[in-house]
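Asks: here's my sequence, what's the structure:
(one chain, ligands or ions: 1)
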Amino acid sequence: MDGDEPLGGEWNYDEQNRQFPGTDYEAPDPPEFEPDDLTRRTREWVDETFAGDYDTDPPGVGWADPEPFRWPVTREAALAALEDFCEHRLVEFGPYQDAMLSGEPAMNHALLSGAMNLGLLHPREVIERVVDAATVDPDVPLSSLEGFVRQVLGWREFVRHVYRESMPELAGANQLDHHERLPECYWTGDTDMACLADAVEGVRTRGYAHHIERLMVLSNFALLYGVDPAELNEWFHATYVDAYHWVTTPNVVEMGSFGAGVFATKPYAASANYIDEMSDHCGGCRFDPDATTGADACPFNALYWEFLDRNADELRSNHRMGLVYSHLDGKDEASIAAIRDRAETVRDRLDRDEL
Ligand SMILES: Cc1cc2nc3c(=O)[nH]c(=O)nc-3n(C[C@H](O)[C@H](O)[C@H](O)COP(=O)(O)OP(=O)(O)OC[C@H]3O[C@@H](n4cnc5c(N)ncnc54)[C@H](O)[C@@H]3O)c2cc1C
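Replies: The predicted structure follows:
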């Protein structure tokens with residue numbers, strides 16, 4: 001703050017934080033940590049107890065992280081991870097916050113949620129250190145600093161409050177009455193959809209996907225398909241290094257699945273257009289992001305329009321959805337029939353785990 005006013009004159013710099021860096025951009029490497037004895041033993045135990053694939057007998061839920069080991073699991077390593085973020089990724093954190101690049105699960109994100117959730121770092125000290133770093137480094141734009149502080153002080157604390165206020169109902173909330181099962185490819189990564197395959201690969205390898213992959217790829221697709229929010233929540237709990245009920249559940253059931261309407265004012269539902277704009281995935285994908293119908297059309301598109309059509313009674317009166325419903329209403333009967341047809345084919349293939 002600058003007295004009673006926000007520093008720089010604006011409360012929010014999101015407008016500057018939706019840039020795409022270009023397909024040849026290489027994000028800084030995340031930090032590496034030499035595993036200590038306890039970490040090594042834990043890793044062995046994880047591999048002995050849980051390792052395996054979805055279709056191995058007995059089925060496994062992945063494997064311990066590969067070398068180099070990227071997660072801070074001690075106070076000392078967590079402080080080093082915080083320094084690494086301030087030094088190498090804070091400058092571009094803001095502008096590329098929403099961008100997705102194949103094989104770059106971390107981009108310029110902080111990778112500090114696990115350390116904070118485990119109590120290795122206090123959120124206040126994270127904010128203070130980042131503010132100090134931005135104060136002495138003229139290269140850190142205000143949009144990066146404001147964006148980061150808002151994530152931690154705004155979102156993280158707010159989500160905790162939502163959990164305290166909305167449990168236990170929130171865990172089972174399902175206001176859109178969605179009951180599809182989670183497609184197998186969330187466990188195996190085996191799908192022709194490049195964005196989904198890449199996000200799942202990050203999760204299978206390191207238990208991590210960044211916020212936009214979680215929200216606009218993994219949850220968005222499950223939402224459009226109509227996956228039961230509780231089942232999606234279970235998947236996030238089983239597969240992420242930073243999963244804790246108090247933070248995963250509000251994010252998955254409410255933000256990602258629009259399960260309860262306790263704070264989300266509309267569903268985070270988007271077609272392939274968003275993913276094409278913010279990522280490099282569509283260029284190399286077998287599906288066409290510009291097509292809605294036909295065998296090569298990106299499955300996001302028909303499912304998106306079908307989602308709006310299917311949930312019109314619930315969503316049409318929401319003033320934030322007016323524009324998208326005007327686009328749906330602009331489609332003639334033949335187009336709607338073709339969309340339903342394509343959505344049905346996509347659903348069939350998801351049923352058979354062949355998408
Ligand atoms: C469907 C879905 C599931 C999620 N599940 C989890 C989870 O299990 N555990 C978890 O800690 N976060 C979760 N989040 C929030 C957010 O995506 C992660 O905190 C973030 O991606 C962690 O990576 P990072 O440390 O690199 O974060 P950055 O993108 O660098 O952000 C910095 C910090 O801001 C905080 N933050 C940002 N957004 C949120 C948010 N919506 N809720 C809470 N904290 C936030 C985190 O502490 C994070 O470390 C989820 C979001 C979605 C949409």
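
Asks: can you classify the closest residue to Val253 other than its chain neighbours by secondary structure?
Replies: Closest residue to Val253 apart from its sequence neighbours, by C-beta to C-beta, 6 or more residues apart in numbering: Gly259 at 4.1 Å. (C-beta placed from N, C-alpha, C; glycine too.) The three-state label given to Gly259 by DSSP: H, G, I helix; E, B strand; the rest coil is coil.

Asks: how much space is there between Gly259 and the ligand?
Replies: 11 Å (C-beta to the nearest ligand atom, to the nearest Å).

Asks: wait, a helix at Gly154?
Replies: Yes. Assigned with three-state DSSP, Gly154 falls within a helix.

Asks: and the lengthiest helix in the chain, how far out from the chain middle?
Replies: Longest helix of the chain, by residue count under DSSP state H: helix 333-351. The chain centre lies 26 Å from the centre of helix 333-351; the measure is C-alpha atoms, centre = their mean, to the nearest Å.

Asks: cool, stretch 229-243 as well?
Replies: 12 Å.

Asks: centroid residue for the protein?
Replies: Residue closest to the mean C-alpha point of the chain, counted by C-alpha atoms, centre = their mean, is Arg214 at 1.4 Å.

Asks: from what I see, Glu201 and Trp187 are in contact.
Replies: No. Glu201 is beyond contact range of Trp187, at 12.0 Å (criterion: C-beta atoms under 8 Å).

Asks: tell me which of the two has more neighbours.
Replies: Trp187 (22 against 15; other C-beta atoms under 10 Å).

Asks: what residues are up against the more buried one?
Replies: Contact partners of Trp187, counting by C-beta atoms under 8 Å, 6 or more residues apart in numbering, are Tyr54, Val61, Val200, Trp235.

Asks: please apply the same query to Ala80.
Replies: Contacts for Ala80 (C-beta under 8 Å, 6+ apart) come out as Pro31, Phe33, Pro72.

Asks: one more: Val131?
Replies: Applying C-beta under 8 Å, 6+ apart, we find Val131 in contact with Leu145, Val149.

Asks: please report the distance of it from Leu79.
Replies: 16 Å (C-beta to C-beta, to the nearest Å).

Asks: could you do Pro250 as well?
Replies: 28 Å.

Asks: out of these two, which sits in the busier spot?
Replies: Per other C-beta under 10 Å, whichever of Pro250 and Leu79 has more neighbours is Pro250, with 30 against 16.

Asks: wait, doesn't the more buried one sit right on Val162?
Replies: Yes. With contacts counted by C-beta under 8 Å, Pro250 reaches Val162, the gap being 4.5 Å.

Asks: what's the neighbour count on the residue lying closest to Pro68 once chain neighbours are set aside?
Replies: Excluding the flanking residues, the one nearest Pro68 by C-beta to C-beta, 6+ apart is Glu32, at 3.9 Å. Glu32 has 12 neighbouring residues, counting by other C-beta under 10 Å.

Asks: and the stretch 1-150 of the chain, which residues reach the ligand?
Replies: For the stretch 1-150 of the chain, the contact set with the ligand under C-beta under 6 Å from any ligand atom comprises His109, Ala110, Leu111, Leu112, Ser113, Met116, Asn117.

Asks: what do you get if the cut-off is 5 Å, keeping everything else the same?
Replies: Applying C-beta under 5 Å from any ligand atom, we find that the stretch 1-150 of the chain lies next to the ligand at His109, Ala110, Leu111, Leu112, Ser113.

Asks: how close does the nearest residue to Tyr13 once chain neighbours are set aside get to Leu7?
Replies: In this structure, Tyr13 finds its nearest non-sequential neighbour in Ser143, 3.7 Å apart by C-beta to C-beta, 6+ apart. In this structure, Ser143 and Leu7 are 11 Å apart, going by C-beta to C-beta.
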